[in-house]
Every structure is written in structure tokens, then in C-alpha cells.
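Q: just to be clear, the model below is a prediction. Sequence and coordinates:
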Amino acid sequence: MRLAAAAAAKVLSCYLSLQCLLSVCLCSGIEDTYYIRFNFTVKDLSPRCYEGQCSVNGKPFLQYKDNQTKPLGNLGMEVNATKAWEDLTETIKGLLEELDKNLHNMKSWPVKTKGNHILEGILVLLYEQGRLSEIVWLFTIDTQHSFHFYPTNKTWNATQPEAISIMKEFQKNTLLVNQLYMFSMGDFNNSHNMFLKLWKEVPRSTITAQDIAQLTSANTISITVNGTSSVSDSQHLKANWSLFLLLILIRFII
């Protein structure tokens, strides 16, 4: 308990320091920094149910549900007819199907009963000056067992002891690990390099509070905005930056 409290205090201290740093960065050209997110949910039900959504700096442009892909917003309309869109759709389908298989076949004690389990996750990619600088996968099962995967060096990190056995179920699935790696470092990254170029060219509207994406519902840190008024791109980007940098801190502190 003391170690956990000390770690939490250290994270909070670093987080407050980051807020000051981010304020300076946002006034110094942080508009060259972009966040690409892939949020997804896999439900181990009958029939199978999985869905996902892609966004740039909080603006959704792709929705995947019931094996159907739907373009969202101006960017979605721009990229809908491209080959990158088709390739990404197939890749998302294959990845979600493999995640579903892994969830259904889990043998760890927290999820030893088959069926009725829910896997929520998010892939976050940070681009700075046009280059991919950070990537992280975040997973939560049944809103309580959370762990992370860092594709650049293929390392895993559980956020609590109870999640370690579940995390190992993912680690030992070589096919799944390779898919996660290729999706984030290859297919997803390559597609979104083109999407980012188009995103810079399409008209931009304000982002509503509902557009502020959150991480999974338990044992992860979420950024929320109170009220119903719209917020600017820079405000939204600041929230995303805070979240991502805090996740990186947690990786080294916990």
C-alpha cells in the first residue's frame, strides 16, 4: 500500500509538472503534433460482437461495426475511396477477430468462465514533426483487469497484480502479438501517414465535449470536459498530450 501510494504521489507530481510544460509547448508550435487513436470493443457474446473507431486529434473518421465500415466527418469522406481505407478495414477485421478468439479461449482465473466477457482497448500513436514518436496499446477486460503493450520494444506492463495472468495469455499468443505489432507499426501506421496529409487539407470544425475520447472505463486515466460548449483543437490536443505523456510516466514509475 505504501509503495502504491508513493507511486501515485510521484505520478501526480509529474503530471502537474507536465501541465506547465504542455502550456509552453502549445504556445510554441505544438500544432505539428498529431494523435491517432483506434478505440475498440470486443464482446465475447453470441453472436460475436466487435466494433472500433479511428480518430485524428479526437475527430472520428472511421467507424467499424458488424463487419461494416462507415466514414465519419470530412476526413472520412476524403479517404473513403482510397486503397488505404480498404486495406485498413480488412486489417481491423482480422485483428478484432483474433482478439475475440483470444478472449474466448482465456484460461486465467479472473476470466476462466467462457462467454460474457468484454475487452475494451485503445491504440494511441503520437506523431511529432511528421514522424511517429510513441505508440502504446491499452487493454481492459471486464472493466477491471488492465494492461499495456508497447510495440516498439514488444514489452508488456500490467497495471495491477490481478491482471498479470491475463496479460500473459496475450503474451503467449504469438499470432496475436505479431498482429498487434504489424497493425501499429505497419498497416495502421502506413495508412495514417496518408490520412494525416489529407487531414491537414480538409476543413476543420470545432470539437464538442463528446469528442473528447476517454480510455477504458476502469484502471485507466481519462480526460473529460464538463459542460456542453465546444472546445478548440488546441485544447483537445492538450488533453490528449497530457494523457499520453502520463501513460508513458506510469510505464516507468509503476
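A: Perfect, I can see it now.

Q: give me the phi and psi for residue 118.
A: phi -130, psi 130 (degrees, to the nearest 10).

Q: chain neighbours aside, what residue packs nearest to it?
A: Once its chain neighbours are removed from consideration, residue 118 has its nearest residue in residue 43; the separation is 5.2 Å (CB to CB, 6 or more residues apart in numbering). Any C-beta I mention is one placed from the backbone N, CA and C, and that applies to glycine too.

Q: so what's the residue count around that neighbour?
A: With neighbours defined by other CB atoms under 10 Å, the count for residue 43 comes to 18.

Q: wait, it sits on residue 65?
A: No - counting by CB atoms under 8 Å, residue 65 is not a contact partner of residue 43; they are 11.6 Å apart.

Q: ok, back up a step: assumed the residue nearest to residue 118 was part of a helix.
A: No - counting by DSSP: H, G, I helix; E, B strand; the rest coil, one finds residue 43 to be strand, located in no helix.

Q: quick one: residues contacting it.
A: Counting by CB atoms under 8 Å, 6 or more residues apart in numbering, residue 43 makes contact with 49, 50, 117, 118, 119.

Q: so which of these are in strands?
A: Within these, residues falling in strands by DSSP state E are 49, 50, 117, 118, 119.

Q: what about the first one, distance to residue 59?
A: Right, residue 49. When CB to CB, to the nearest Å is applied, the distance between residue 49 and residue 59 equals 25 Å.

Q: can you read off the pLDDT for the nearest residue to residue 150 once chain neighbours are set aside?
A: Residue nearest to residue 150 in three dimensions, not counting chain neighbours: residue 136, with 5.7 Å by CB to CB, 6+ apart. pLDDT, residue 136: 93.

Q: fine by me, thanks again.
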